[in-house]
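Participant: Curious how this folds, go ahead:
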Amino acid sequence: MGTGSTKGVLVDTAGVVLASATISHSMSLPRPGWAEVDAEATWWREVCEISNRLMREMPSGSTLAAMCVSGVGPCLVLCDDDLNPLRPAILYGIDTRATAEIRSLTEEFGGDEILERAGTLLSSQAVGPKLEWVRRHEPEVFGRATGWYGSNSYIAAKLTGEYAIDHHTASQCDPLYATSAFEWNVEWATRICGHLPLPRLVWPHEVVGRVHGDAAAATGVPRGTPVVAGTVDAYAEAFSVGVRNTGDQMLMYGSTMFLVQIIDEYHSDPALWTTAGIDRGSLALAAGTSTAGTMIGWLQSVTGGAPLDELMAEAAAVPAGCEGLMTLPYLAGERTPVFDPMARGLFAGLTLRHGRGHLFRAAYEGIGFGVRQILEMFDDAHTGRRTVAVGGGLRSPIWAQAVSDITGRPQLVAEQGIGASYGDALMAAIGVELVAPETDWAKITHEITPNPDNRELYDELYDTWRELYPATKDLMHALGERGS
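Facilitator: Numbering: from 1, shown residues only. Purely as a prediction, here's the structure:
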């Protein structure tokens, strides 16, 4: 269940995709800084519809061995005893409503202590401040809630009735989880969750429970089918392309950019997220931007809605560096490494010579500069060994090439680009021991290599790009206050 669609696949034990289905959806933006989804009407309904479609594609004589669901995250779904959501789900870091709660919880627990225990400073990505926001601003909702969930654990509960959450998702519910110890940070979690019990912790590839009768009727999935926990969609996507060993990196080109790097020992950086991984006892660094594909979609809309192929051709005709045009892609604030919900988008160097193609290329390059900034921070923990690119943004002939040129890093591309749902299928197979735990279905088909002719230019432009945000931060904030 992604930001823009829900996708499902039916896969055999060799990793061959037998059937797939996709349903598009959108999030709700009811107020500035808010981003929500109706968990039941969107996520649960779409899981049911896709499951029914895929079950109709089951080969004759075969049986369904297991099911696994991942979803956007970390986010917050508050439910009653009957698993009725009591308010729309509050989405991950693109929802920035809990700014005051981030400040107050940081003051209460101490920033250094939070970084040491949770591995990550509090930001709009954290679930703890979102829980605190509901407690403060919607006390009736908070009081009626009997459980809290992420997107995938909500679906697992709907399927099985089990109240559990995977370790990775929990490690993004700062400051509720002690990442270095792989357990709840009980003192702080109890303070924030109040009367709400803490879910049982499981690893993403572990069986949570089995599909009960009502869920079987709704989904078409046979009663008793094992359900594997799953995790946040970006990590399921990394798993789908074999990003599992120390130094492996994933760049996910989607509505936002999401980056993951597997590390071999605990490392915390205030500008990154330190998380549990998918494999038992594993650790990872993560980072994410607030816009990427959403910025491209916005540009397409405000420049007249021309077909993307036409726009990409115009952008491809523009030379590297956009003839002096540069952008900060902070149209929805920014997550890592800026952590500034009041950051704003900026085009710098714009002249009458620049056309629509320049705007699009500048957007891709601005995203690329942000990726370079994050990867350099990843290197402080462990130098990247191999980088795998995934996501729908790879369909652009410019985007991934610009990232390789700007970062100087080659990117591997796997044959199977379905993404998170393919990783879910592998987790399901591992969870019920149909395949060995180390199984990797990913097959690399080609490599995107940096163009050495552009390296010196991009090194110079990167230095300029890094100065744009600190030089304009105060002005951005002033303008943001007027627009809120």
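
Participant: pLDDT of the host helix or strand of Leu375, averaged?
Facilitator: Secondary structure assigned from DSSP states H and E places Leu375 in helix 356-381. Within the predicted structure, the mean pLDDT of helix 356-381 is 95.

Participant: and the helix or strand following it, which strands flank it?
Facilitator: Of the helices and strands lying after helix 356-381 in sequence (DSSP H and E), the nearest is strand 386-390. Strand 386-390 has the following strand partners under DSSP bridges: strand 248-253 (parallel), strand 411-414 (parallel).

Participant: Show me what the helix holding Leu375 packs onto, helices and strands only.
Facilitator: In terms of contact count using 3 or more Cβ pairs under 8 Å, 6 or more residues apart in numbering; DSSP states H and E, helix 356-381 is assigned the packing partners strand 248-253, strand 257-263, strand 283-288, helix 293-302, helix 308-316, strand 326-328, helix 399-407, helix 455-483. For glycine as for every other residue, the C-beta is placed from the backbone atoms N, C-alpha and C.

Participant: Show me what the fifth one packs onto, helices and strands only.
Facilitator: Counting contacts by 3+ Cβ pairs under 8 Å, 6+ apart, helix 308-316 packs against helix 293-302, helix 356-381.

Participant: Now distance to Lys443 and mean neighbour count too, for these, in a markdown table please.
Facilitator: A markdown table is the format used below for these (distance: least, Cβ to Cβ, whole Å; neighbours: other Cβ atoms under 10 Å):
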| stretch | distance to Lys443 | mean neighbour count |
| --- | --- | --- |
| helix 293-302 | 25 | 17 |
| helix 356-381 | 25 | 22 |
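
Participant: so what pLDDT did Ser484 get?
Facilitator: For Ser484, the pLDDT comes out at 62.

Participant: whoops, Pro452 was the one
Facilitator: 97.

Participant: Just give the number of residues close to it.
Facilitator: Pro452 has 9 neighbouring residues, counting by other Cβ atoms under 10 Å.

Participant: and if you look at Thr303?
Facilitator: Counted with other Cβ under 10 Å, residues neighbouring Thr303 total 14.

Participant: what's the distance between it and Ala402?
Facilitator: In this structure, Thr303 and Ala402 are separated by 19 Å, where distance is defined by Cβ to Cβ, to the nearest Å.

Participant: what does Met257 give?
Facilitator: According to Cβ to Cβ, Met257 and Ala402 sit 12 Å apart.

Participant: Now for these two: what residues contact both?
Facilitator: Taking Cβ atoms under 8 Å, 6 or more residues apart in numbering as the contact definition, Met257 and Ala402 share the neighbouring residues Ile367.

Participant: Between these two, point out the one with more neighbours.
Facilitator: Summary of the neighbour comparison: Met257 and Ala402, criterion other Cβ under 10 Å, with Met257 having more neighbours (28 against 24).

Participant: Helix or strand: which one has the spatially most central residue of the chain?
Facilitator: Averaging the C-alpha coordinates of the chain gives a centre point, and the residue nearest to it by Cα atoms, centre = their mean is Ala234 (4.5 Å). When secondary structure is defined by DSSP H and E, Ala234 falls within helix 233-240.

Participant: orientation of that helix relative to strand 248-253 in degrees?
Facilitator: Interaxial angle, helix 233-240 versus strand 248-253 (axes from the mean of the first three to the mean of the last three Cα atoms, to 10 degrees): 130 degrees.

Participant: who touches helix 233-240?
Facilitator: Here helix 233-240 makes contact (Cβ under 8 Å, 6+ apart) with 1-2, 70-73, 168, 204, 230, 244, 248, 250, 252, 258, 260, 275, 277-278, 284, 286, 288, 388, 390-391, 414, 416, 418-424, 426-427, 441-442.

Participant: Distance check, Ala420 against Ala65.
Facilitator: Here the distance between Ala420 and Ala65 works out to 19 Å (Cβ to Cβ).

Participant: Could you do Ile278 as well?
Facilitator: Distance of Ile278 to Ala65, computed by Cβ to Cβ: 19 Å.

Participant: Who has more neighbours out of these two?
Facilitator: Neighbours per residue (other Cβ under 10 Å) separate Ile278 from Ala65, with Ile278 holding more: 28 against 15.

Participant: State whether His165 and Arg200 are indeed in contact, as I suppose.
Facilitator: I think there's a mix-up here, since residue 165 is Ile and not His. Yes: under the criterion of Cβ atoms under 8 Å, Ile165 lies in contact with Arg200, with a separation of 7.5 Å.

Participant: Counting neighbours, go ahead and name the busier of the two.
Facilitator: When Ile165 and Arg200 are compared for neighbours, Ile165 comes out ahead with 28 against 12, by other Cβ under 10 Å.

Participant: Double-check that that one belongs to a helix.
Facilitator: No: the assignment for Ile165 by DSSP: H, G, I helix; E, B strand; the rest coil gives strand, which leaves it out of any helix.

Participant: Just list the residues touching it, thanks.
Facilitator: Contact criterion Cβ under 8 Å, 6+ apart gives 149-150, 153, 173, 199-202, 229 as the residues in contact with Ile165.

Participant: Can you tell me which of those residues comes closest to Arg223?
Facilitator: Ranked by distance to Arg223 (Cβ to Cβ), those are led by Ala229 at 19.3 Å.

Participant: these two touch, right, that closest one and Val202?
Facilitator: Yes: counting by Cβ under 8 Å, a contact exists between Ala229 and Val202, whose distance comes to 4.8 Å.

Participant: overlap in contacts of those two?
Facilitator: Overlap of the contact sets of Ala229 and Val202 (by Cβ under 8 Å, 6+ apart) consists of 164-166, 208.

Participant: can you redo those residues as CSV with distance to Thr219 and pLDDT?
Facilitator: Supplementary listing: the shared contacts of Ala229 and Val202 in CSV, determined by distance: Cβ to Cβ, whole Å; pLDDT from 0 to 100:
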residue, distance to Thr219, pLDDT
Ala164, 19, 98
Ile165, 21, 98
Asp166, 20, 98
Val208, 15, 98
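
Participant: Now rank those residues by neighbours and give me the top one.
Facilitator: For the shared contacts of Ala229 and Val202, the largest number of neighbours (other Cβ under 10 Å) sits with Asp166, at 30 neighbours.
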